[in-house]
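>>> Task: produce atomic coordinates for the following.
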Amino acid sequence: MTRSLKDARVLITPTSYAKFDPSLRTRIEETVGYVLYNTHGRPLTAYELRQLIPDIDGYIAGLDEIDKSVIEAAEHLKVISRYGVGVDNIDLTVAGEKGITVTNTPGANSASVAELAVAMMISLARSIPKANEATKSGEWPRLSGITLENKVIGLLGFGSIAKHLARRLQGFNCQILAYDPAPDIEHATDLDVELRSQGEVIQQADFLSLHLPLTPETQGLVDGAFLAQLKPGAFFINTARGELVKEMALVDALERGHIAGAALDVFPKQPPAADNPLFSFPQVIVTPHMGAHTDGAMNSMGWTAMRDCLAVLRGEEPEYRVL
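This next block holds a predicted model:
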C-alpha cells in the first residue's frame, strides 16, 4: 500500500544531520508521519539497517552499508537520498531493479573539502602539527618549511571540489596542473589551470591532491608504481576516498623517504585501527573524514537531501537524481 506524504516514514542516518540548523528536523517532522534517527553515532551496518528498513518510505542516508540484503528487505522504500556525493556504498543495481530512486547532493560540500585540502597543504609545508606539539612541550625548535609560492600543485580529478581548490590556490602564485578523464576546458581556462595527462600531473607535482571518485578503475590506484612516479620530496593529500590508496604502498614510500609527507582525511577502513602504521610517521597528518563537517556544507547537504527525499515521496522529480 502506498502511503501519503503525511503518513510516510523516513529514516535519517547521518549523525551530523541538522547539527547546525535545527529547522531541518522541524521541517521534515512537520511534513511526514514519522521520522527515525540514527542514535549510534556512526554509519549503520547492513545488519542494523535490515532491522529498520522494512517499514521505511524515504531514507536520507550517510555512509551506511546499503547492500543488496538491505534493499531487498525494504518493502516500502521509494527513495534513498544520499547526504553527500558518493554512492559507492549503495547497491545501485538492486535499487534500480526495485525501482528505488537514488539521489545525492553534488557540490554541497565542495568548498569545505577544498578548504581542508588547502589547510593540509600548508600544514605539511610548514610542519604545523610538529611545531605545535613541540612548542607546547616547552621546546622552541627552528623548523624550516617551504612555501606554496612557485610550487606545482597537481590535482588528480577536476570536478567540483578540485575547482574550488584551484580557485582558493590562485592567491598563492603557484602553478596548478590537473588531470580528469572528462576535462572541463572552460573552467580550467577560467581558473588558470593547465590540463595534462595523469602521468604528467603525478610526475611534476610538488603537492599532489587526490579528487577522483571511487570506481572499479580507480580503486587501489595509488600503489607502489603510482607513488614511484612522484618526484622525491613531494607531498600527497587525499580528501577523496580512502579506497583509492593502497596504504602499505604509502607506508613504503614514506619509510624510504621518497615522499616528504602525506595528509589523509579518508581511509579504506573507517575508523582506521589505532595501530595503523601510517600513524607512526610524524610527517603524516590524519583527520577523521571531516572535510564536509562545516556549518555551510552540512546545512546545504541537509536541505538538498531533504528536498529530494520529499519530492520523490510526493511523486515529483528530484533535483539531483543518480538513479
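
>>> any idea which helix or strand carries Ala162?
Using DSSP states H and E, Ala162 sits in helix 160-169.

>>> Go through that helix and flag the buried ones.
By neighbour count on 16 or more other CB atoms under 10 Å, the buried set for helix 160-169 is Ser160, Ile161, Ala162, Lys163, His164, Leu165, Ala166, Arg167, Leu169. All C-beta spots, glycine's among them, are computed from the backbone N, C-alpha and C.

>>> What of stretch 2-11?
The neighbour-count check on stretch 2-11 (16+ other CB under 10 Å) flags Arg3, Ala8, Arg9, Val10, Leu11 as buried.

>>> Kindly check the end-to-end length of it for me.
End-to-end span of stretch 2-11 (CA to CA, to the nearest Å): 17 Å.

>>> what does stretch 247-262 give?
Stretch 247-262 stretches 11 Å from its first residue to its last (CA to CA).

>>> Centre of the chain to stretch 36-44, how far?
Its chain's C-alpha centre and that of stretch 36-44 lie 19 Å apart, by CA atoms, centre = their mean, to the nearest Å.

>>> Residues contacting that stretch, please?
Contact with stretch 36-44 is made by 9-15, 17, 48, 52, 56, 62-65, as judged by CB atoms under 8 Å, 6 or more residues apart in numbering.

>>> quick check, nearest of the buried residues of stretch 2-11 to His211?
Leu11 (30.3 Å; CB to CB).

>>> Doesn't the closest one belong to a helix?
No. Counting by DSSP: H, G, I helix; E, B strand; the rest coil, Leu11 is not part of a helix but strand.

>>> who's in contact with the residue positioned nearest the centre of the chain?
The residue lying closest to the centre of the chain (CA atoms, centre = their mean) is Ala240, at 4.7 Å. Shown in contact with Ala240 (CB under 8 Å, 6+ apart): Gly157, Ile161, Leu210, His211, Leu212, Pro213, Leu214, Val266.

>>> Is it possible to get TSV of the buried residues of helix 160-169 that adds distance to Ala311 and pLDDT?
Below are the buried residues of helix 160-169 laid out as TSV (distance: CB to CB, whole Å; pLDDT from 0 to 100):
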residue	distance to Ala311	pLDDT
Ser160	22	94
Ile161	25	96
Ala162	29	98
Lys163	27	98
His164	26	98
Leu165	31	98
Ala166	32	98
Arg167	31	98
Leu169	36	98
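
>>> Out of these, which is nearest to Gly296?
His164 (11.8 Å).

>>> Rounded mean pLDDT for the lengthiest helix in the chain, please.
In the chain, assigned by DSSP state H, the helix with the most residues is helix 295-314. In this model, helix 295-314 has a mean pLDDT of 96.

>>> That one packs against which elements?
Using 3 or more CB pairs under 8 Å, 6 or more residues apart in numbering; DSSP states H and E, the elements in contact with helix 295-314 are helix 23-31, strand 58-61, strand 79-82, strand 101-103, helix 110-126.

>>> out of those, which comes closest to Asn299?
Across those, Asn299 has its closest neighbour in helix 23-31 (7.7 Å, CB to CB).

>>> now the residue nearest to the centre of the chain, nearest residue through space, not along the chain?
Leu210 (4.7 Å; CB to CB, 6 or more residues apart in numbering).

>>> Could you check the pLDDT of that neighbour?
We have a pLDDT of 98 for Leu210.

>>> Tell me what it is bridged to.
Applying DSSP bridges to Leu210 yields these beta-bridge partners: Leu156, Asn238.

>>> The stretch 101-250 of the chain: strands as residue ranges?
For the stretch 101-250 of the chain, strands defined by DSSP state E, counting those that start in this stretch occupy the ranges 101-103, 152-156, 175-179, 193-195, 207-210, 234-238.

>>> which other residues reach the second one?
Looking back up the chat, that one is strand 152-156. 121, 162, 165-166, 169, 174-179, 193, 198, 201-202, 204-212.

>>> what about burial for the residues you listed, which qualify?
Buried, going by 16+ other CB under 10 Å: 121, 162, 165-166, 169, 174-179, 193, 198, 201-202, 204-212, out of these.

>>> rewinding a little: quick check: the residue nearest to Ala240 touching Thr239?
Yes. Between Leu210 and Thr239 there is a contact under CB atoms under 8 Å: 7.2 Å.

>>> Count the neighbours of Asn159 for me.
I think there's a mix-up here, since residue 159 is Gly and not Asn. Gly159: 20 surrounding residues under other CB atoms under 10 Å.

>>> Need the nearest residue in space to it, chain neighbours excluded.
Counting by CB to CB, 6+ apart, the residue nearest Gly159 is His211, at 6.2 Å.

>>> check contacts around the one you found.
With contact set as CB under 8 Å, 6+ apart, His211 has these partners: Leu155, Leu156, Gly157, Phe158, Gly159, Ile161, Ala162, Leu165, Thr239, Ala240.
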